[in-house]
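need a structure here:
(chains A and B)
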Amino acid sequence: MALAGIRSFDIRRVRAASTHVDIDNGVVESAGTSFSDSSVIRVLGPVGWGVVSLDHFDPASAKDRDAVLKRGLALARITEREVNLAPAPSGLLPVPPLSEDPRTVPLEEKTVLLSAIAAAARVEGVASTRAQYTERAELVSFLDSSGHEATYEVVRSGFSVLAVASRNGVVQMARESRHSLTGLNLRHQEALGREAGERAVALLAAPVPKGGRMRAVLDPELAGVFAHEAVGHASEGDLVLEGSSVLQGKVGEQIGAETLTIVDDPTLPEFGFEPVDAEGVLPSRTEIISRGRVAAYLHNRETMAALGNGVPGHARAMEGDAPIVRMSNTFIENGDASRDEILEECGEGILLIGSRGGQVDPGRGVFQFNAEYGYRVEKGSATTLVRDVSLSGEILATLHDIILLAKDRAMHQGYCGKGGQTVPVSDGSPHVLLDRAVVGGAGSE
Amino acid sequence: MCSWTGPWWGVPAVSDRAIRAGKHDRAIRAGEPDRVIRAGERLADEVEVFLVEARSVSAELQRDRVDRAEESRSWGMGIRVIRGGCIGASSTSDPGAWERCLQAAVDSARLATPQEWKGLPGPGPVAGEAPCFDPAVVPSPEAAGGILGRMLEGVAAHPDARVTSGSATLSRATLTLSNSHGLERTMERTECGCSLETICGQSTGSEFDQSPFRDIDPVKVGEQAGFLAVHSAGGEAVADGRYPVILSPVAVAQLLGYIVVPALSGRNVHAGRSRLAPLLSTRCMDPALDLRDDPFARGLGATAWDAEGVPSRRIDFVREGMLLAFAYDLKTAYRYGKETTASAVRGGFGGSPSIGVHTLVLDGKRSDITRDRALYVHDVVGAHTANPMSGDFSVECQNPAWMEDGILREPVRKAMIAGNFFDALADLGGIGPDSRMVGNAILPSLRLKNLQVIGA
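Next comes the predicted model:
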């Protein structure tokens, strides 16, 4: 140990190259690459954490390292709550191979491929299109005071396309996006662009439904966001430890149907994959809800030591920030119904499709999220297209309202914000049927 | 959920991410971007260099004890080049890598579609001094810890409220913008902020304060966070229906930020992505309403020059309900034959400038909006899911309660409100007499006429 009073330390350095292309109405607004190099040094002092964040810091220099550890210790002096760390396995999973390394494809070619997706979105009635490509290659190196070291490289890339249609003062939009951890995904995606364009135009004539309580079918993307917002956040060990989660004290309790299992798994080769967590811990799968019972929380080493019930390995950090407890790939396990059976069982209600995002207050146990669009469900069939519908609810009540699960689970990629940090995640689910869903819409019928 | 957008240089809003940098500025020091400009002039028509050096210290509470203190030092450089009307940009946090960064900016320009371009600004006077620096803001763990302590004093007034988390941040930054026309501008900025989260049973409270000056009131933040959690406990259900709603300045910030601000961007206006585009010079908002960008107002976004170095000025977007202006940066202005409104902003040192607001002020004819009974909403959950094209939103309310005769009365357990924000602004129930700094905006409470309320 370098300095007296330091119980442990770790250093996580991220060197990244970020590339983007932005095509707005056919014009290449910007395209290029930027570079960054940030290190976060965490020092566990006699009581709590001192954290130093620096740009362009080389941990190989013993002199620089000692100076920064000393600074971390000085910061830690004002802490009052004793932090302890649970033991955890270290290790590094292999990063899934890239089918086509985006870095080997010239930016000119990516621009051409993205242009084609944007052009496909420009169907009749579309007033504006915007397509964006993002790529980020991160070289992460980790070392800690017990001698663990890990270095890995991961390349994430993807695109989004937005179509805006307008007619007689009515403006509507539709968006499609796909992101990948396993290689360039820009080729042969014109159909998605067209889909966005056609939907934006169709939404111009779509009514806004009247909100209220009704049966709702959530598609795999929206149900995945539900798993993430309503259950995932409330299971995060730091929120449970603070006392701001409705799942606190609920381990072992039946909070949903026997058919309901919700999992977070950073080892899956999906968009939220982590080969090693941000504290150097070998990640593993956690069943948060197992057959309707609360089974475990998501933990880092600190919350594991304080709370138990689960495994560490869920610490993640955005470049330049200290690790916090995060989800990775979160999903509801398949049931055994078909989509048609779910709609039939719904009878009269609403089918909600896609996601514009969501938010949760895990302490109060209330969540809100918005669908991209939806359909009325009448006599067991999806009928009229509707727009601007959202879903809100109380976590615990809503879990009991999940009455049927299909067997068509699909994962979708996104980004999750917490404590000012944004990290890549994926969410997924089969189609699910919610009884008594609180559906928001400003319409009158 | 405290601020919807950061000020343009990207210094952290409360609990937001700081721009990162280091003190390892051996290769290039702040104030010495000439070398980059000289090298860049050989490769492009014009060069712009933006440097940020920042330092911030924060401390965090877990429950009611400090469990972490953090210091961040950051150095970052953004380079923009223009060649034949093609604009390219890159950035780096490694001073030794400036040549690679410059080359990346030049490569980036090669790919951009050329456009009408009449040049970066030259040196010239600015219109005044912006209130954005306070020498009393000194980032130190002791100062941050002291702010946390005062929030805890405040929350003690509500013994039934338990603290779940809190944070305090103090930061200082030096920004330098230079270009190949001899422009060189520098400013120092400071910011301090604090926030506290509380719970009482299953009722949560959250409050914050932030300012460029050392004038935040942590005791009041603590009191208010405690009050909200305790007051909202034991709320009753509200029957579905249409009710008048009072949005607090925090809730107003959320909806304005996600729905109205993007619609005022000249880029969105000309790209067909703004509902306000065809409404210029019409009375499309309530006659009581004024909306302006005032870069010299005492706010987190106060600045005497925009992210391209153009002297900033007041923009009256809406006066007495009449839509008068949209916001432009140089690029959008040159493209569409308009004039820049000095509305270029940056989200940190990276990337290209884009169109935004400095300090958004909602003002107008004030009135007592709390006399007649209405549903009061402290904050909203999910404003980012609103439809920015149409203005339709449906969001969940935080700490909803009935308000009458200026007094917060019975709490409501759960309420979702839905409506169209553009329509609501066209026919307001009134603008309250209060004003509050929220992120880079200064806002009052607003009374909206009948909104759809879905209870539980």
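
Give me the neighbour count for the residue in the stretch 151-300 of chain B that chain A sits nearest to.
With CB to the nearest CB as the measure, B:G272 is the residue of the stretch 151-300 of chain B nearest to chain A, at 3.6 Å. Yep, even glycine has a C-beta here, placed from its N, CA and C like the rest. Around B:G272 sit 17 other residues, with neighbours defined as other CB atoms under 10 Å in any protein chain shown.

Equivalent analysis for B:G201, please.
15.

Ok, the one 10 residues further on next?
Here the neighbour count serves as a burial measure; for B:S211 (other CB under 10 Å) it reads 20.

who touches it in this structure?
Residues in contact with B:S211 (CB atoms under 8 Å, 6 or more residues apart in numbering or on different chains) are B:E191, B:C192, B:G193, B:L300, B:M437.

can you rerun that using 7 Å?
Each residue near B:S211 by CB atoms under 7 Å, 6 or more residues apart in numbering or on different chains is listed here: B:C192, B:M437.

Just the pLDDT for it.
With respect to pLDDT, B:S211 scores 96.

What distance do you get for it to A:S90?
Distance, B:S211 to A:S90, by CB to CB, to the nearest Å: 44 Å.

Look at the closest residue to A:P209 other than its chain neighbours and tell me its secondary structure.
Of all residues not flanking A:P209 in the chain, A:G441 sits nearest, at 4.2 Å (CB to CB, 6 or more residues apart in numbering or on different chains). For A:G441, the assignment made with DSSP: H, G, I helix; E, B strand; the rest coil gives strand.

Tell me who's in contact with A:G441.
Going by CB under 7 Å, 6+ apart, A:G441 touches A:V208, A:P209, A:K210, A:G211, A:D388, A:V389, B:S394, B:A418.

Can you report how many residues neighbour residue 223?
Just so you know, I chose chain A. A:A223 has 28 neighbours, counted by other CB under 10 Å.

Sorry, I should have been clearer: chain B.
B:E223 is flanked by 21 other residues according to other CB under 10 Å.

which residues does the residue in chain A positioned nearest to chain B contact?
Nearest residue of chain A to chain B: A:G32, at 2.8 Å (CB to the nearest CB). Taking CB under 7 Å, 6+ apart as the contact definition, A:G32 lies against A:H20, B:G88, B:A89, B:S90, B:A104, B:A105, B:D107, B:S108.

how close does it sit to B:A374?
According to CB to CB, A:G32 and B:A374 sit 50 Å apart.

Same question for A:Y297.
Distance of A:Y297 to B:A374, given as CB to CB: 40 Å.

Show me which of these two is the more surrounded one.
More neighbours surround A:Y297 than the other of A:Y297 and B:A374, with 29 against 22 (other CB under 10 Å).

OK, contacts around the more buried one?
Contacts for A:Y297 (CB under 7 Å, 6+ apart) come out as A:S235, A:G237, A:V240, A:L307, A:N309, A:G310.

Strand partners (parallel or antiparallel) of the one helix or strand A:G32 maps to?
Element membership of A:G32 [criterion: DSSP states H and E] is strand A:27-44. Sheet pairing here is set by DSSP bridges, and for strand A:27-44 it gives strand A:8-24 (antiparallel), strand A:49-55 (antiparallel).

Which among these is found nearest to B:G347?
B:G347 lies closest to strand A:8-24 among these, at 13.0 Å (CB to CB).

Work out the gap between stretch B:218-230 and the centre of the chain.
Between the mean C-alpha location of stretch B:218-230 and the chain-wide mean there is a distance of 23 Å, by CA atoms, centre = their mean, to the nearest Å.

how close does A:A116 get to B:R273?
A:A116 is 21 Å from B:R273, by CB to CB.

Compare the two and say which is more crowded by neighbours.
The neighbour comparison of A:A116 against B:R273 (other CB under 10 Å) goes to B:R273, with 25 against 15.

three-state assignment of that one?
Assignment for B:R273 (three-state DSSP): coil.

Quick one: the helices in chain B, in order.
Listed in chain order, the helices of chain B (DSSP state H) span B:34-41, B:98-111, B:141-155, B:218-232, B:249-255, B:261-264, B:266-270, B:330-336, B:421-426.

Make JSON lines from these and add distance to chain A and mean pLDDT to it.
Putting the helices of chain B into JSON lines (distance: least, CB to the nearest CB, whole Å; pLDDT from 0 to 100) gives the following:
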{"stretch": "helix B:34-41", "distance to chain A": "14", "mean pLDDT": "95"}
{"stretch": "helix B:98-111", "distance to chain A": "3", "mean pLDDT": "95"}
{"stretch": "helix B:141-155", "distance to chain A": "4", "mean pLDDT": "98"}
{"stretch": "helix B:218-232", "distance to chain A": "8", "mean pLDDT": "98"}
{"stretch": "helix B:249-255", "distance to chain A": "10", "mean pLDDT": "97"}
{"stretch": "helix B:261-264", "distance to chain A": "9", "mean pLDDT": "97"}
{"stretch": "helix B:266-270", "distance to chain A": "8", "mean pLDDT": "96"}
{"stretch": "helix B:330-336", "distance to chain A": "8", "mean pLDDT": "97"}
{"stretch": "helix B:421-426", "distance to chain A": "9", "mean pLDDT": "97"}
